[in-house]
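# Predicted coordinates and the sequence they were generated for:
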Amino acid sequence: MLEELLDLFSCEASAARLLREVRWAGGVRCPYCRSEAVIRWAWYRHAYQRYRCKACRRTFNDKTGTIFAYSRIPLKEWLFLAYLLGCLHLSILKASREVERSYGIAYRSARKVMHAIHKGEDEGGSGKLSGIIEMDETYITAGLKGRGNHGRILCLGRKPRRRGLKAKPGRGSWKDDRPPIMILVERKKREHYVPSTDAEGETIGRIASRHVERGSHIHTDGFPSYTVLQSLGFEHEWVNHSMGEYARGDVHVNNCENRASLLKPWLAVYRGISKDNLGIYLSLFRFQRTTSQIPSLQRLKLIVKA
Ligand SMILES: [Zn+2]
């Protein structure tokens, strides 16, 4: 397993073989017209198979139509980057040093990898949660980090901050750079992390309706915004934290609190993120959590598949 993994990062042909294995698992299909009438058509750069579609007569190779196409960095480096980000949880800056590329190049590639994971998580885990679901919110500090945001900061009528964002106590909102993240945990099964603009009843209702099957039991704390859930067709039960009640029978949000306590140090690795990118980072967090039990090679295949 280890040898196979190292091989992927050192040999372009092995990397290409992995891509072929994952991408064409259901047979080769033309990326332009989806036809299966495809024949092999020599090689592309000695490592990638080229194909010709008999229906639309266009040619393509293993990389065509993927995030790896037209890239100036070789596939083995892409895979190594995906491994550093997806399996080892390195920040993009550290990963760029490992692959010995400029931050700009590594950043663009890393974003593509993360977007792919985000898309995969969106499609793979989009099914609604059911049964007993815990729901809770946690607040994280995320502002307008990133070079492209200068204009937007000026629109706010203030200068860009010279120092990092300071965490303010209490509940925050999207506007004051402390967006809530709604954590939904299906007991012993799936989990969702949804960035939210605020923690008002209306927003919470909308998030619950989108991610939870109607008629399910939702457990929350005593925060008043959650009272909306009953009226939306959910069985709502809560524990009253302010009265020192943290569990009543099986009614509790301990799993949510556990996830929140894991999420915060996980995000800290990135030294502040832009709130616009929260969704992507949360997908990566979920991907790492749900695949933590499987070997890196398998995980890499999942990333490539996405
Ligand atoms: Zn075609």
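Received the coordinates, thanks.
# Could you tell me whether residue 96 really is in a strand?
No: Residue 96: not assigned to a strand; according to DSSP: H, G, I helix; E, B strand; the rest coil it is helix.
# I'd assumed residue 109 was in contact with it.
No: in this structure, residue 96 is not within contact of residue 109 by CB atoms under 8 Å, at 9.0 Å. From N, CA and C alone the C-beta is placed, and that goes for glycine too.
# Compare the two and say which one has the larger neighbour count.
Neighbours of residue 96 and residue 109, each counted by other CB atoms under 10 Å, are more numerous for residue 109; the result is 25 against 21.
# List the residues that contact the nearest residue to the more buried one once chain neighbours are set aside.
Spatial nearest neighbour of residue 109, chain neighbours left out: residue 81 (5.7 Å); criterion: CB to CB, 6 or more residues apart in numbering. Listed by CB atoms under 8 Å, 6 or more residues apart in numbering, the contact set of residue 81 reads 95, 99, 106, 109-110, 113.
# List only buried entries from those.
95, 99, 106, 109-110, 113 (16 or more other CB atoms under 10 Å).
# Which positions in stretch 214-223 come out as buried?
Here stretch 214-223 shows 216-221, 223 as buried, counting by 16+ other CB under 10 Å.
# Of those residues, just say which sits nearest to residue 48.
Set against residue 48, the nearest of the buried residues of stretch 214-223 by CB to CB is residue 216 (46.9 Å).
# Return the backbone torsion pair for that closest one.
When read as degrees, to the nearest 10, the backbone of residue 216 gives phi -70, psi 160.
# same question, residue 59
Per degrees, to the nearest 10, the backbone of residue 59 is at phi -110, psi 150.
# Burial check on it, number of neighbours?
17.
# Likewise for residue 102?
For residue 102, using other CB under 10 Å, the count is 10.
# who's in contact with it?
Residue 102 sits next to residue 96 when contact means CB under 8 Å, 6+ apart.
# Tell me how far it lies from the ion.
37 Å (CB to the ion, to the nearest Å).
# again, but for residue 100
Residue 100 sits 38 Å away from the ion, going by CB to the ion.
# What segments of the protein are strands?
38-44, 48-53, 59-61, 132-139, 180-186, 191-195, 217-221, 235-239 (DSSP state E).
# Distance to the ion added to those strands, as a markdown table?
Converted to a markdown table, these look like this (distance: least, CB to the ion, whole Å):
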| stretch | distance to the ion |
| --- | --- |
| strand 38-44 | 8 |
| strand 48-53 | 3 |
| strand 59-61 | 8 |
| strand 132-139 | 44 |
| strand 180-186 | 41 |
| strand 191-195 | 37 |
| strand 217-221 | 47 |
| strand 235-239 | 51 |
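# What mean pLDDT does stretch 105-116 get?
The average pLDDT for stretch 105-116 rounds to 88.
# what are the C-alpha coordinates of it, in PDB please?
C-alpha atoms of stretch 105-116 as PDB (Å, rounded to 0.1, in the frame of the first residue of the first chain):
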ATOM      1  CA  ILE A 105       0.200  28.100  -8.200                       C
ATOM      2  CA  ALA A 106      -0.400  25.800  -5.200                       C
ATOM      3  CA  TYR A 107      -3.300  28.000  -4.200                       C
ATOM      4  CA  ARG A 108      -5.100  27.800  -7.500                       C
ATOM      5  CA  SER A 109      -4.600  24.000  -7.600                       C
ATOM      6  CA  ALA A 110      -5.600  23.600  -4.000                       C
ATOM      7  CA  ARG A 111      -8.800  25.500  -4.600                       C
ATOM      8  CA  LYS A 112      -9.700  23.300  -7.400                       C
ATOM      9  CA  VAL A 113      -9.100  20.200  -5.300                       C
ATOM     10  CA  MET A 114     -11.200  21.700  -2.500                       C
ATOM     11  CA  HIS A 115     -13.900  22.700  -4.800                       C
ATOM     12  CA  ALA A 116     -14.000  19.200  -6.200                       C
END
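# Need the contact partners of that stretch.
Identification of contacts with stretch 105-116 by CB under 8 Å, 6+ apart yields 67, 71-73, 78, 81-82, 85-86, 92, 95-96, 99, 101, 280-281, 283-284, 303, 306.
# Now tell me which helix or strand of this structure has the poorest mean pLDDT.
Least confident helix or strand of the chain, by mean pLDDT, DSSP states H and E, is helix 150-155 with a mean of 66.
# Alright, I will stop here.
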